[in-house]
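Enquirer: Okay, predicted coordinates and the sequence, questions at the end:
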Amino acid sequence: MRPSLALLSLAIIAAPLAAQDDPLFERRWESLLAGGYEPLTIPVDWYDPVAEVEGAPTPVVATTPAVAGIAPTALEAAASWAEAQNSTALLVARDGKLVFERYWQGTGRDTRFNPQSMSKTVLALLMGIAIERGEVGSVGDPVSDYVSEWKGEPRGAITLRQMLHMASGLEQGDAGYGYKVTPDNPVVRHSLGSDYTKLPLSLEPVGAPGESFDYNNNVNQLLGIVLERASGRDYEALLSERLWQPLGLADAAMPLDREGGMVITSCCILSRPVDWLRIGQLFVDGGRYEGAQVVPEDWIEAMLEPSPAYRGYGYQVWVGNQQVGGERPPRVPLVPWQSEAFAPPRVVLLHGHGGQRVYAMPDKGLVIVRAARDWPQGWDDALLPNVIWRGTAEEKPE
């Protein structure tokens, strides 16, 4: 499983550029080298151009730990650990109301961050809305119904369900370079280049669809292409009109491959951490917000059904326990690692590079958001949800 540049963590290889035909790639590559950045440390204002995602911000409703029935000692313990893990933000909500909010490293409520691959879950939410509207038939549709370039080919028979489950059987498209951040890696050239459609549309089969879980950023981009073609709308417009505005979120932005081109869908909705509380709340409230059905309830349920290829994954979202126990992996692994099983019976996990996290725990109406722009010291995906869960009363005080 090899992530794209939005997930790469190894040092950038400052290889000389070969002859290129993409000035935008050259500019971005040189800027990346000059800044000494790797994907986690790229500032949010580095991306250029970006597509604006218009919001319709409504006030954040807050309550106290006492009213919410959450022990202040649990909140402070979670915050102490989060701060030690190089976090920039930690937020906790219960039943849609903000209970705890703390920022570090000079950030605040209106500071945007990069949620990285948590953006994939947002794409899956949009897919459910598109199916409800009749723009997309069903998850059983072959991708060739929307990607005409693949009609009559074996890869055209891959279903949207298999793609949503990260079990498409398609190659990574890295030409064997794997994690190396070098201009010779096609995945790096894609992520910094001027066409976010070329590489995804070129992917070839390497296995049987539906059999193996293989986390693939370019498969998510293919799903973004499907949404654009099925709806006839730009992805950022769908995001604004169908999620960002109905949820009352603040304006956001997404990196574009070029002016007038396509946004990257597998990562990088540049936004406020506090707004991700309401995205997480969709998994608590069955897709509803303020009494309105924003995402179909049956789609939320379908998203959380474990994939046959890997039971810890649904439709572009992680579900339930992941790797439990054993030696702690370095940094934050692709498949989440936990020192112990989750205390809550149900945990929905939005997972972004570097430990960007949303934990939704429907049984107590809890949502936790954690943001960062540097690597943690020793990440444990059980800690925040278990500390908050164990410090929360079964029922809120009267």
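Expert: Structure's in. What do you need?

Enquirer: Identify the residue spatially nearest to residue 70, adjacent ones excluded.
Expert: Distances taken as C-beta to C-beta, 6 or more residues apart in numbering place residue 392 nearest to residue 70, at 4.9 Å, with adjacent residues excluded. For the C-beta atoms, the positions are set from N, CA and C on the backbone; glycine is no exception.

Enquirer: again but with residue 167, I slipped
Expert: residue 309 (3.9 Å).

Enquirer: who's in contact with residue 143?
Expert: 150, 155-160, 163, 222, 226 (C-beta atoms under 8 Å, 6 or more residues apart in numbering).

Enquirer: What distance do you get for the residue nearest to the spatial centre of the chain to residue 212?
Expert: In the chain, the centroid-proximal residue (C-alpha atoms, centre = their mean) is residue 118; its distance is 1.4 Å. According to C-beta to C-beta, to the nearest Å, residue 118 and residue 212 sit 23 Å apart.

Enquirer: what does residue 223 give?
Expert: 18 Å.

Enquirer: Specify which residue of these two has the higher count of neighbours.
Expert: The neighbour comparison of residue 223 against residue 212 (other C-beta atoms under 10 Å) goes to residue 223, with 27 against 15.

Enquirer: can I assume the more buried one is in contact with residue 265?
Expert: Yes: counting by C-beta atoms under 8 Å, residue 223 touches residue 265, with 7.1 Å between them.

Enquirer: shared neighbours of the two, which are they?
Expert: What both residue 223 and residue 265 touch, as defined by C-beta under 8 Å, 6+ apart, is the set residue 123.

Enquirer: can I have stretch 69-76 written out in CSV, keeping just the CAs?
Expert: Listed next in CSV are the C-alpha coordinates belonging to stretch 69-76 (Å, rounded to 0.1, in the frame of the first residue of the first chain):
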residue,chain,number,x,y,z
GLY,A,69,-21.6,14.9,31.5
ILE,A,70,-17.9,14.7,30.7
ALA,A,71,-15.3,14.7,33.6
PRO,A,72,-13.0,17.7,33.3
THR,A,73,-10.1,15.4,34.4
ALA,A,74,-10.7,13.2,31.3
LEU,A,75,-10.6,16.3,29.1
GLU,A,76,-7.4,17.6,30.7
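
Enquirer: now that stretch, how far from the centre of its chain.
Expert: 28 Å (C-alpha atoms, centre = their mean, to the nearest Å).

Enquirer: What count of nearby residues applies to the residue lying closest to residue 142 once chain neighbours are set aside?
Expert: Leaving aside its chain neighbours, residue 142 sits nearest to residue 157 (5.0 Å; criterion: C-beta to C-beta, 6+ apart). For residue 157, the neighbour count with other C-beta under 10 Å is 14.

Enquirer: per-residue pLDDT, residue 157?
Expert: Looking at residue 157, its pLDDT reads 98.

Enquirer: Would you agree it is in contact with residue 210?
Expert: No: using C-beta under 8 Å as the test, residue 157 is too far from residue 210 to be in contact (10.7 Å).

Enquirer: What are the buried residues along stretch 286-295?
Expert: 287-289, 294-295 (16 or more other C-beta atoms under 10 Å).

Enquirer: what does stretch 141-155 give?
Expert: 141-147, 150, 155.

Enquirer: Send me it as CSV with only the CA atoms.
Expert: The C-alpha trace of stretch 141-155 is given here as CSV (Å, rounded to 0.1, in the frame of the first residue of the first chain):
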residue,chain,number,x,y,z
ASP,A,141,-22.4,0.1,-11.2
PRO,A,142,-19.3,-0.6,-13.2
VAL,A,143,-16.9,2.3,-13.3
SER,A,144,-17.1,2.2,-17.2
ASP,A,145,-20.7,3.6,-16.8
TYR,A,146,-19.0,6.9,-15.9
VAL,A,147,-15.4,6.5,-17.3
SER,A,148,-16.1,5.9,-21.0
GLU,A,149,-12.3,5.5,-21.6
TRP,A,150,-12.5,2.1,-19.9
LYS,A,151,-15.6,0.6,-21.7
GLY,A,152,-14.9,-2.9,-23.1
GLU,A,153,-11.9,-3.3,-20.8
PRO,A,154,-11.5,-5.6,-17.7
ARG,A,155,-10.9,-2.6,-15.5
